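Novice: Mind looking at a prediction? Sequence and model below.
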Amino acid sequence: MSLDPAAADRLILVDGRDQAVGQASKEAAHREGLLHRAFSVVLVRSGNGGPELLLAQRAEGKYHSAGLWTNSCCSHPRAGEVLPDAAYRRVVEELGCEADDLSEIGSFIYRAPFANGLCEYEYDHVLVGACVGEPNPDPSEVGGLRWVAANALARELAEHPERFAAWAYTVLGMALAHLA
């Protein structure tokens, strides 16, 4: 039995311009390396030294990138679901708090094969917004959370990229550039 609460989701397959071309199960999309729509949310708050970004550590039970740090929340819109609705929904499901004023700051395509034979091949939309309330994360999704000042995060990404999931460097770099 899967620990992944979204395992039964039908994902939106897309072409290189993010046009829907079909659907696939989450498992098939990742096993066959099919390009699909995804999103990465970065939640931000004001800190004493400027903006702070909420980082999430992937739970140890995740099917890839377990224990690595990444942006606040990552997922896929379900077939028939619009991207903003999916992002707001997943923040609640994964982090146990709400997001406010999510806005898309860009998108990119990445492909990351993993040793277990799975492959992330995503057209990833990056959204930034405010965190509302105190996070109370789902332990099957999140192993840990931490708020990091923007300048400290930029240093950590440069000095320790091995601590981060494959997509995190790009997502967090886009968020840092947006906040600068």
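Specialist: Yep, that arrived.

Novice: Asp101: which element?
Specialist: If you go by DSSP states H and E, Asp101 is part of strand 98-113.

Novice: other SSEs contacting the following helix or strand past that strand?
Specialist: Later in the chain than strand 98-113, the nearest helix or strand by DSSP H and E is strand 119-132. On a contact count with 3 or more Cβ pairs under 8 Å, 6 or more residues apart in numbering; DSSP states H and E, strand 119-132 meets helix 26-31, strand 36-47, helix 83-95, strand 98-113, helix 168-179. All C-beta atoms are positioned from the backbone trio N, CA, C, and that covers glycine.

Novice: Repeat the analysis, applying 7 Å as the threshold.
Specialist: strand 36-47, strand 98-113, helix 168-179 (3 or more Cβ pairs under 7 Å, 6 or more residues apart in numbering; DSSP states H and E).

Novice: what are the pairing partners of the strand holding Asp101, and which direction each?
Specialist: strand 119-132 (antiparallel) (DSSP bridges).

Novice: Starting from the helix or strand following the partner strand, tell me which strands it pairs with and how they run.
Specialist: As assigned by DSSP H and E, the chain's next helix or strand after strand 119-132 is strand 142-149. Using DSSP bridges, strand 142-149 pairs in its sheet with strand 50-58 (antiparallel).

Novice: Pull the contacting residues for Asp18.
Specialist: Arg37, Ser107, Tyr123 (Cβ atoms under 7 Å, 6 or more residues apart in numbering).

Novice: and the last one, how far is that from Leu179?
Specialist: In this case it means Tyr123. Separation of Tyr123 from Leu179 (Cβ to Cβ, to the nearest Å): 23 Å.
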